[in-house]
Every structure is written in structure tokens, then in C-alpha cells.
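A.B. asks: let me see the structure of the following:
(2 chains)
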Amino acid sequence: MSEEKNLNFLEEIIEADLKSGKYKSILTRFPPEPNGYLHIGHAKSICLNFGLAKKYGGKTNLRFDDTNPVTEDTEYVDSIQEDVKWLGFEWNNLLYASDYFEQLYAFAVQLIEKGLAYVDDSTAEEIAQQKGTPTQAGTRNGFANRTIAENLALFADMRAGKYADGEKVLRAKIDMASSNMHLRDPLLYRIKHAHHHRTGNAWCIYPMYDFAHGQSDSIENITHSICTLEFIPHRPLYDWCIEQLGIFPSHQYEFARLNMTYTVMSKRKLLQLVNEGHVKSWDDPRMPAIAAMRRRGYTAASIREFCDKIGVAKRENLIDLGLLEFCVREDLNKTALRRMVVFDPIKVVITNYTKDEEILFSENNPEDENGGNREVPFSSEIYIEKEDFMEVPPKKYFRLAPGQMVRLKSAYIIKCDEVVKDDAGNITELRCTYIPESKSGSDTSGIHVKGTLHWVSVKHAITAEARLYDRLFTEENVADAEGDFKNYINPNSLQVIDAVYAEPSLVQAKFDERYQFIRKGYFCLDKDSSGRIVFNRTVTLKDGWAKEAKKA
RNA sequence: UGUUCCAUGGUGUAACGGUAGCACUACUGAUUUUGGUUCAGUUAGUUAAGGUUCGAAUCCUUAUGGAACAACCA
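C.D. replies: Below is the predicted model of the structure:
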């Protein structure tokens, strides 16, 4: 067995580092800010960080980047942990940037003592103005000339709460003329008299991302700190801090974040959809949030497979939603229990069926030899889908039509004899005859039909609510579309059917089971099911006939 | 107008100077008691121009195109 070793660029770096002896083992981290729910884009990062560590015998820390108390909340801390676990990963240590606040403060003092940081009394506007522009150098103000002793005292006073929010900041003293804006005396600490979800009111100054992230990596001895492309310009600052402090040299590497068609991936936009009621909650099954996908019926395995298939590189990408759907179908096809459910019924009366009822058997999953069978009751009155009958069928229509025969799945072949209509001309009932010797499993009729329909016995059917989801947006590339992204929300992203007719075995539907409603799609029980049954459609089945019909 | 990053079929991703491959999509056909699945096949690609080389997707140069960078956010 010779394995092809198509490595992505991060795997190449890691293998080189391991081979050269730079590291004996690797340590990565997944560093979410607890200010929102995790989404499929985070899943890519999670699979990457945990996956890389797993592949190379290393470990991964889960570290909450909680340096901005006003936006963060324990609700998110909890949901993030749940989602990472659900995706199937185990972290080495559960950590918080806030664990390091004391250490980070000491680091800041160290920079001040080296003359590399100063307290600035300027307003946010002044600082922004003095920063210059990408093409114009910034200018340094007089506060940069404060003495070390003065800065030390002022910084201590900042911590002690002597100043109001915004009154002073601590800045690194680097280079106001740098072509890299992040090196133009970046802010290190700001004053926020705010309650922090973990440290409470112990602090009124909080480190900025750039002063917290790299040092946190370093404290934990993270070897490979993997983040998204937009942090590339931060890397020189990341390295500068570590070098000036003389601490463990973690290294930052950047990859392209996931973008997907027909959805948005920014926490800000997703939060907006929730807050403005365009969706019901973060776990509304239309959302790309992990919690939402879980509720919708996506399996963790299918999401991991998706993340594996999309690969990792440095170029911007827009992944086809179809690939995600392919991954769930592939997984669910092997595992989902087959059931029959009629969504939009039309009654079929089998005129020559004289028995009251009989029990038939149908396989739970044709892909699984050991999947077993279930009982399905049959009687003289059944429902089939309206769309499975046409009075005037087009060519290649293999379903029911006057004089045409079809197989009822796991039951008999029937032939349509008569179409019954009401006064308005609507079809109310189809009258058919069945072929007694065509019974599934013991068919001696010798008749071959092309179409097989799902059905349910009228008197045995149970009803349930079905929620059918479609893409959340109408535009393929939402981020690139003109104007407000909310203009492109798909008004038909949710279709609720109050009553679909299901075979009786589904009264026992369980939350952890996945179902394939034959010819309809993959479904799972929604958490709203209590006192009633609610099914979410995870994804449709591929529909070859829809394409065929479109051509005509 | 500065700096940085990127450029391979419709989409995504390989090929590490030596036959441009894989997956999804699309399209054919076969099988099928799900118009599902499965199987077989087809279409389709190196941004451009120069150079280096026996040989370039790969190295160099220039151009073109795209993206990122100025928040007391991360």
C-alpha cells in the first residue's frame, strides 16, 4: 500500500517542523470569542486545528478569547463547548484568555519598562487621525515622550480605576510610519468599566486582541497558531510582542476562511438575522450555525467529511452548498431508516381488494443487509402523492395515469381504472384494481412496471407537521451582492406543512434517529415535538425526474 | 497612490522542474420494488506576455485580475 501524500500547506509546514526537530510534538488551539454561536465556517477551523493535532499526535486547547466583556456571555461559552464536543473533538485544556489577565498586565509593564509602551490620553478620534492612511505615514503625539516612571504610574492608575472609559489607553511604541497600519503604535489596553463573565469586576482595563492572543498562545506553548487570512497583517505585531517579551515563540499561519453559496458567514450578520426576526433563533434550522445544522438533522460525521473535502489553502473560495448536501446524503443514505410519508395526498380506492387489511413488510434500509424490516399495514383505501398521478401524462412518465400500472412500494402492482372528479372538475379519488399475485417478495405476475410509489393506508395513517427548508438567501454570493444582504433573504426558506400522512411506525419516531421518507428526503424529529410530531427536512433526495420534467 | 496575500475545468483542491489528477456539479448509459443508491463513461482547466531550461502549472520578470490592511472588535 503506497499512500498518496497530497498534503495541504499546513501539513507540509508541520511535517517539516517535526522532521527538523523544531518541535517534538505539536500543540494547536481553537480560540473562539464567546460572542455568538459557532457556524460551519468555525467547523472548518475546528476540524483543521483538532484534525492536524490528531494526525500528528499532538493536542489542541480550547481557549476562549474573552477580552471584550461587553460583547461576551456565558451562554456562548456553553454553546461553543457543546458544539465542539458534538462535532466529535476533545480538547486538551479548557482555557480562557482571561486566565492570563494578571500575566498579560505584567507583560505590559515589562514593555513600559523597556520604553516600548506608553500611556496616551488622546481621544479615539485623535488617535485614528494620527494613524494616517495606508498610503500616508502617521504622526506620533507628545504623550509618546512620557517617561518610563510616568507611564508606569499612569498604567497602574488605569488599573486602579482612576480614569473613566476612553480617558487613556496603553499603546506600544513601534513605528508610526510603518507601511503596516498595525505597527503604528497599536493599542494594547483600553479602559472598560464593565462586568466580565469570568473575572467579574476585578478589572477595568482589558487587553486588546493583539496583546492577548499571541501571548496566550505563547503561555500555552502553542506551536502552530492557525487563523484566517485577515490576520496576516497582524502577524508582524504578533511576532514583535513575543520577541520583545522574550517568551515562547509560537508562530501564526493563515488559511482562507470558508464561504458558502446562498448563506452568510459573519457572526454580525447572523446575529442580525436572529435579532430582527428573519429567523427564529440561532438554532433555526435555516441558519449555518452548528446548533442549527444539528437540529436540522445534519450528522457530525457529514460535517467533518465536508470540511475534509473542501481542503485548506490560502485563496479565497466560495464553496457550493451542493457539496455540503452531498456529504449529508452520502452519510444518511447509509444510516437513515426508510419510512413512507405522503405530503400532498390523493385517495386511491382499490376496488377489487376484499380483505379488511393486511400487514406487509418493508426493509428499514436497503443499504444495510442487517437493517431488518418493519410492518406496514395495507388496506383498500390508500393515499399517494398528488404529483404521482397525471391524467394526461407526458412521455417517460412512469407513475400512475389512466390505464397505467405502478408498483406500490413493498405491496402490490395497481392499475388506474377511473378518475373521480367533483363538480368543479377537481380529481377527488382514483379507482384502481390490484394484481393479487404481484405481492412484494412473492410476485408471480410476470408484470414489470417502471414506477414505484410510496403510499400510506388511509385508516392507519398518522399525521405530523413537516418543516421544509430551502436556502436562506436567493443570491449565490451574498457577500458580493449589491446593497443590504437582507434584501436577498429567501422568502420561501421555510415551508410548513401542517399535516402530512405517515405510516404508523412513525409514532415511535425518536430524536436520535434519522429517517429517509422514501422519494421525499431525509428527515428528523424536531425538538418542538411534544404532544405532536414535527419533522425537519434535513435535505431532499436528488431528483432526477425534476430535471427530466424541466427539459420538456 | 503604499504594503501584504492570492491566481489550475462551472466549484473546490492536487501535481514540490518530467504524462495536469481527484471530488462535487453537469451530461450519457447500465442496474434498481425509492426517477434514490450503485456502476461505467463524457464534456471541461494551468490569467497574459516574456525569460531560464533538453523540458515550466511549478523558477525569474513584467503585466492583468481579485482580496486584505486606518474599530478603545476579535
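A.B. asks: okay, CA-based contacts and neighbour counts for the rest of this
C.D. replies: Will do.
A.B. asks: remind me which residues of chain A are low pLDDT?
C.D. replies: A:1-4, A:552 (pLDDT under 70).
A.B. asks: and the helices in chain A?
C.D. replies: Under the criterion DSSP state H, helices of chain A are mapped to A:9-20, A:40-55, A:74-86, A:101-113, A:124-130, A:148-160, A:209-219, A:235-245, A:267-275, A:290-296, A:300-310, A:321-335, A:544-551.
A.B. asks: what residues sit buried inside the fourth one?
C.D. replies: What that stands for is helix A:101-113. Neighbour counts over helix A:101-113 (16 or more other C-alpha atoms under 10 Å) mark A:Phe101, A:Leu104, A:Tyr105, A:Phe107, A:Ala108, A:Val109, A:Gln110, A:Leu111, A:Ile112, A:Glu113 as buried.
A.B. asks: repeat that for the first one.
C.D. replies: Going by neighbour count (16+ other C-alpha under 10 Å), the buried part of helix A:9-20 is A:Leu10, A:Ile14, A:Asp17.
A.B. asks: about what we covered before: redo the helices of chain A as CSV? Include distance to A:Glu367.
C.D. replies: Below are these laid out as CSV (distance: least, C-alpha to C-alpha, whole Å):
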stretch, distance to A:Glu367
helix A:9-20, 35
helix A:40-55, 28
helix A:74-86, 26
helix A:101-113, 55
helix A:124-130, 63
helix A:148-160, 65
helix A:209-219, 47
helix A:235-245, 50
helix A:267-275, 38
helix A:290-296, 23
helix A:300-310, 17
helix A:321-335, 6
helix A:544-551, 20
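A.B. asks: for A:Arg374, which of the ones you listed is the nearest?
C.D. replies: helix A:321-335 (15.5 Å; C-alpha to C-alpha).
A.B. asks: by contact count, what packs against that closest one?
C.D. replies: Of the remaining helices and strands, those touching helix A:321-335 by 3 or more C-alpha pairs under 8 Å, 6 or more residues apart in numbering; DSSP states H and E are helix A:300-310, strand A:534-539.
A.B. asks: at 10 Å what do you get?
C.D. replies: On a contact count with 3 or more C-alpha pairs under 10 Å, 6 or more residues apart in numbering; DSSP states H and E, helix A:321-335 meets helix A:300-310, strand A:515-517, strand A:521-525, strand A:534-539.
A.B. asks: partner strands of the third one and their direction?
C.D. replies: Strand A:521-525 pairs in its sheet with strand A:515-517 (antiparallel), strand A:534-539 (antiparallel), by DSSP bridges.
A.B. asks: among those strands, which comes closest to RNA strand B?
C.D. replies: strand A:515-517 (6.9 Å; C-alpha to the nearest atom of the strand).
A.B. asks: give me phi/psi at whichever residue of chain A sits closest to RNA strand B?
C.D. replies: Nearest residue of chain A to RNA strand B: A:Ser440, at 2.3 Å (C-alpha to the nearest atom of the strand). Phi and psi for A:Ser440, reported as degrees, to the nearest 10, are phi -50, psi 130.
A.B. asks: what's the distance between A:Cys416 and A:Ala401?
C.D. replies: To A:Ala401, A:Cys416 is 6 Å away according to C-alpha to C-alpha, to the nearest Å.
A.B. asks: find the residues that touch each one of the two.
C.D. replies: A:Phe389, A:Leu430 (C-alpha atoms under 10 Å, 6 or more residues apart in numbering).
A.B. asks: just give me the neighbour total for A:Asn93.
C.D. replies: By other C-alpha atoms under 10 Å, the residues close to A:Asn93 number 13.
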